[in-house]
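Engineer: need a structure here:
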Amino acid sequence: MNKTLFAAALAVAAVSPFAAKADETNQLDNFFVAGNLGQSNYRVGGVSDKTDVFQNVRFGWRWNGIVGAEVGYAYLGKMKNDFDFASVSAKPRAAQIGVTAKYNFYNNWYVTGHGGYLRSRTTGAVTVGDVSATQKSWNNGWYAGAGVGYDVTHNVSLALNYDNYHVKYGRGGSDQSQTNANVAAYSASVEYRF
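Structural biologist: Below is the predicted model:
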């Protein structure tokens, strides 16, 4: 819990100078909603699964059109491994809160970056023959990503993105096992600003 509070305080401290400047000039604008659709790539130990759909929706705002805050929800697909005697799968979803930035570098072209804290819920399943068992796990983690895009109009943008989600499954501690996974996501996105 202390790590979560520290991460939230750090995000607020990072954004507060921009918020103060925006408040002084009364230019708080650029509320946005963005949706991503793409492919997830799981990396867990020596196992890799590159066959699942990635979906993400984010809401937020940017002060002066550059730096701001966001909240979102990501569906990271489903990692599955089949063995001779069993099948193992994991399906994480993540709520996220963090900072976001957008910088127009040439005409309507721009680069973006974002990152922050996530809270994941992962459903793990094991199937042996006709017998299945599932278990859910809630854990803290982080995410970060970058993209390049084009402002089609003043309000609508299209982009290509790379994101990395660091998720965990299980409980930590001496008598518990916890699995860490990096989920890379390659996606196309649409952003609408209002």
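Engineer: was I right about Ala184 contacting Tyr162?
Structural biologist: Yes: with contact defined as Cβ atoms under 8 Å, Ala184 reaches Tyr162; the gap is 7.0 Å. For every residue, glycine as well, the C-beta is placed using N, CA and C.
Engineer: So for these two, which residue has more residues nearby?
Structural biologist: Legend: neighbour count by other Cβ atoms under 10 Å for Ala184 and Tyr162, higher for Ala184 (18 against 14).
Engineer: Specify the beta-bridge partners of the more buried one.
Structural biologist: Per DSSP bridges, residues listed as beta-bridge partners of Ala184: Asn41, Asn164.
Engineer: next one: the one 4 residues further on
Structural biologist: Going by DSSP bridges, Ala188 is paired in beta bridges with Leu37, Leu160.
Engineer: My guess is it contacts Gln39. True?
Structural biologist: No: assessed by Cβ under 8 Å, Ala188 is found out of contact with Gln39, at 10.2 Å.
Engineer: how about the strands in this protein?
Structural biologist: Using DSSP state E, the strands of the chain run over residues 28-44, 47-63, 67-75, 79-82, 87-106, 109-128, 131-151, 156-170, 178-193.
Engineer: Run through the bridge partners of the residue nearest in space to the middle of the chain.
Structural biologist: The centre of the chain sits closest to Tyr143, judged by Cα atoms, centre = their mean, with a distance of 5.0 Å. For Tyr143, the beta-bridge partners are Gly116, Tyr165 (DSSP bridges).
Engineer: Identify the residues contacting it.
Structural biologist: By Cβ atoms under 8 Å, 6 or more residues apart in numbering, the contact list for Tyr143 reads 74, 94, 96, 98, 114-116, 118, 163-166.
Engineer: For stretch 73-90, measure first residue to last.
Structural biologist: 17 Å (Cα to Cα, to the nearest Å).
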